[in-house]
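A.B. asks: my questions concern the predicted model and sequence given below.
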Amino acid sequence: MKRSFCFCVLLTLGNFAMAQDSSVVSTFTRFPEEMHLDLQPVFGLGKVAARNIFLVDSTFYIRNKNGSSAYYLTGYSAKGKKTGKEYIRQGMEVNEVAGAMSSGFLGGSRMWVHDILTNKIVIAAGFDRTPVDGNIRVHEHKLPLDFYWVGMIDSGYVAGTGVDDQPDKVYELELSTGKVVKRYGSYGTAPAEIPFNSWRLAYQSFLYTRPGGDVIALACRFTDRVEFFDREKETSRIISGPENFDVVFRPIKTGNIWAMERIDSTRFAFVNGFATQQYLYLLYAGHLHEDRLSDNGRCLYVYDWKGNPVRKITLSAYISSFMITQDGRYLYGYSPTGHMLRGELP
């Protein structure tokens, strides 16, 4: 009979100390502020499925997760009309992406996509000017490690997480050389009877960087926990809550690698996020992993960059991706109905 493993969050947190300094662990059961946000449809996206939404000036750039498209990035006007421009071609050639994972906009001028299959970042630069032919320049950087998720710190450095069988949580790389210049955090020692890599995968996280690059955050996929790393002080803080539910999984060996198998009671926590200068916004699901809308959510958890919970925003509709405008006034989200939705933040 196969065994399932469920570990107490507080016991697990004790193993999540930084290599350089001990993590500060905080738990909470309620956000200081809770609010509801009504979302209204703005326009339809047809066959495009938005994994990420970016807004530069008055143009939306949608990162398409629909594998039938030849390009990953499509431009739309504020009224939802295609601009006729698409960027970053799918493929295995130079400056193409075979398997897009994380992506983002850096400084409103550079769109980047992490290719998890070929271990590289492809960068399209020039969006701070009118993106006509010849203005957008595409180049790539090879990555020395097989990361699950990455985030650009600035034009010269990138942070990555999720390397098989490695104890470090976050690696900071210099793009021009591929050299690891810093490491942040440690997964610690796995409990008895649990292979280390299965343990690590149970706490696999999405990575976000604060604009300006002074803070890196990891948002766990299978428990409601976020860790904030201060790059200058080389310290971290873990915030757990408000449900404080445990990771539930089964170790399983696939080939020569120990993996994590989801079981009936495995839940999704955070499924997407967006970083602004002031806050980290995380889309929370809370569903069992086999639920139909497992990667959609109706709640945003908002944190400041010191790791303090700020507010919980309950949405009127499910979304799977979203963005916050630069002035913090509007949220745009992609609905499973195929529509772009909008809500006005307080």
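C.D. replies: Here it is on my side, so go on.

A.B. asks: got any ranges where the stretch 51-200 of the chain has weak pLDDT?
C.D. replies: For the stretch 51-200 of the chain, the stretches flagged by pLDDT under 70 are 67-68, 130-134.

A.B. asks: make it 50
C.D. replies: Scanning the stretch 51-200 of the chain for pLDDT under 50 picks out nothing.

A.B. asks: could you pull out the strands for it?
C.D. replies: 59-64, 71-76, 82-89, 100-106, 110-115, 120-125, 137-142, 149-154, 157-161, 168-174, 179-186 (DSSP state E, counting those that start in this stretch).

A.B. asks: so which of those is nearest Thr337?
C.D. replies: Closest to Thr337 of the strands of the stretch 51-200 of the chain is strand 59-64 (C-beta to C-beta; 15.3 Å). C-beta coordinates here come from the backbone N, C-alpha and C atoms, glycine included.

A.B. asks: so which residue is dead centre in this structure?
C.D. replies: For the chain, the residue nearest the mean C-alpha position is Phe206 (3.8 Å; C-alpha atoms, centre = their mean).

A.B. asks: pretty sure that residue sits against Ala275.
C.D. replies: No - between Phe206 and Ala275 there is no contact under C-beta atoms under 8 Å: 10.7 Å.

A.B. asks: and Tyr184, how far from Asp246?
C.D. replies: 24 Å (C-beta to C-beta, to the nearest Å).

A.B. asks: quick one, which of these two is more surrounded?
C.D. replies: Using other C-beta atoms under 10 Å, the more surrounded residue of Tyr184 and Asp246 is Tyr184, with 24 against 19.

A.B. asks: hmm, Val170 and the more buried one touching each other?
C.D. replies: Yes - using C-beta under 8 Å, Tyr184 is in contact with Val170, at 4.0 Å.

A.B. asks: hey, what's in contact with both of these two?
C.D. replies: Common neighbours of Tyr184 and Val170, counting by C-beta atoms under 8 Å, 6 or more residues apart in numbering, are Ile216, Phe229.

A.B. asks: so what's Trp56 up against?
C.D. replies: Just to correct that, residue 56 is Val rather than Trp. Counting by C-beta under 8 Å, 6+ apart, Val56 has contacts Phe105, Gly108, Phe127, Asp128.

A.B. asks: oh, I was asking about Tyr87
C.D. replies: By C-beta under 8 Å, 6+ apart, the neighbours of Tyr87 are Tyr61, Tyr71, Tyr72, Leu73, Gly75, Met111, Ala124, Pro131, Ile136, Val138.
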